[in-house]
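# Please find the sequence and the predicted model below.
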Amino acid sequence: MSTPGPDVRGNLPRSYFDAMYESSDDPWGFASRWYEQRKYGLTLAMLSSPRYQSAFEPGCSIGVLSQALAARCDRLLCTDVSERAVDLARERLRGADHVCLQVGDAFTQWPATSFDLIVVSELLYYHDEQALPRLIARLAKSLTPRGELVAVHWRHHVAEYPSSGDAVHDALSESPGLSRRATYTDSDFRADSFTRRDTQRIPWVAERDGLVGTQFRRLW
C-alpha cells in the first residue's frame, strides 16, 4: 500500500494517518512491542514530579502512553489528527473522566490554555523545518511558569517523514524559549525534558526532596 507524501506545508497530511489506521488498529505496535513499553517507562521516568494539575498530549494515537499519564495528572487533554485513533483511545481510557480526548491537528488546532506538563512523543518529526519552529514556540508559550515539556522521538530514518528525531531534539535544545533540564539518548530514540527559559530557576528533584542544599548538609 502506498502512503501519501508531505502536503504543501511540508507536513504529513491527515490522509497518511487515515491510511495507517485503515490497515491496523495499532499500526506502530504501541500496545504490543517491548520497544514501546521500554520507551514509555523511560518517558515517565523523565517526569520530574509525581503529579501534575494539567497536562497535554498532542499526537496521542491510541492512548497507550495517555493511560499512564492519566494516572499522574488531575486533568489531561489528548488530541490526535486521526478520528479512528481517538476512538480507540477513548475505549482504552473509558472511565477516566478527568481525561479529554479530541480530534485535532497540532499544526492548525492548538488549545488556548497553559499546562504544567506537555508530552510530545513521536510527533514533531511529522513537520518540516518551516513548520517546526512555530510548533516549538507554541510549546514554550503553552507551559505554565513552572511547567515541564517532555519530548521523545525515534532516531532512525523514515523516508516519508519531513524531519528526523535528532533534528527535532536539536531544534528544541536550540529554542530561545526553552531550557533543557534532562536528557537521554540511545541508538533508537532521544528523550529530553525542558522548562521555560524566561522563568526563575526551578529546583530539580533531589533539591525538592531535600536531598541537597542546606537541609541535607545539616544531616551530616
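Cool, got the structure.

# Which SSE is immediately downstream of the top helix by length along the chain?
Taking residue count as the measure and DSSP state H as the definition, the longest helix of the chain comes out as helix 34-46. The element immediately downstream of helix 34-46 (helix or strand, assigned by DSSP states H and E) is strand 52-58.

# which secondary structure elements does the longest helix of the chain contact?
Using 3 or more C-beta pairs under 8 Å, 6 or more residues apart in numbering; DSSP states H and E, the elements in contact with helix 34-46 are helix 64-70, strand 115-121, strand 143-154, strand 178-185, strand 189-196. C-beta here means a position set from N, CA and C on the backbone, and glycine is covered the same way.

# Show me what secondary structure element comes after the first one.
Read that as helix 64-70. strand 73-80.

# Let me know the angle separating that next one from strand 52-58.
Counting by axes from the mean of the first three to the mean of the last three C-alpha atoms, to 10 degrees, strand 73-80 points 10 degrees away from the direction of strand 52-58.

# Tell me which strands strand 73-80 pairs with, and in which orientation.
Strand 73-80 has these partner strands in its sheet, going by DSSP bridges: strand 52-58 (parallel), strand 99-103 (parallel).

# From the chain's centroid, how far away is it?
Per C-alpha atoms, centre = their mean, to the nearest Å, the displacement of strand 73-80 from the mean C-alpha position of its chain is 11 Å.

# just use 261 as the starting number from now, easier for me
In the new numbering, first residue 261, that becomes strand 333-340.

# buried stuff in it?
Neighbour-count burial for strand 333-340, with 16 or more other C-beta atoms under 10 Å as criterion, is recorded at 333, 336-340.

# So for Ser447, which of the strands paired with strand 333-340 sits nearest?
Closest to Ser447 of the strands paired with strand 333-340, according to C-beta to C-beta: strand 312-318, at 25.2 Å.
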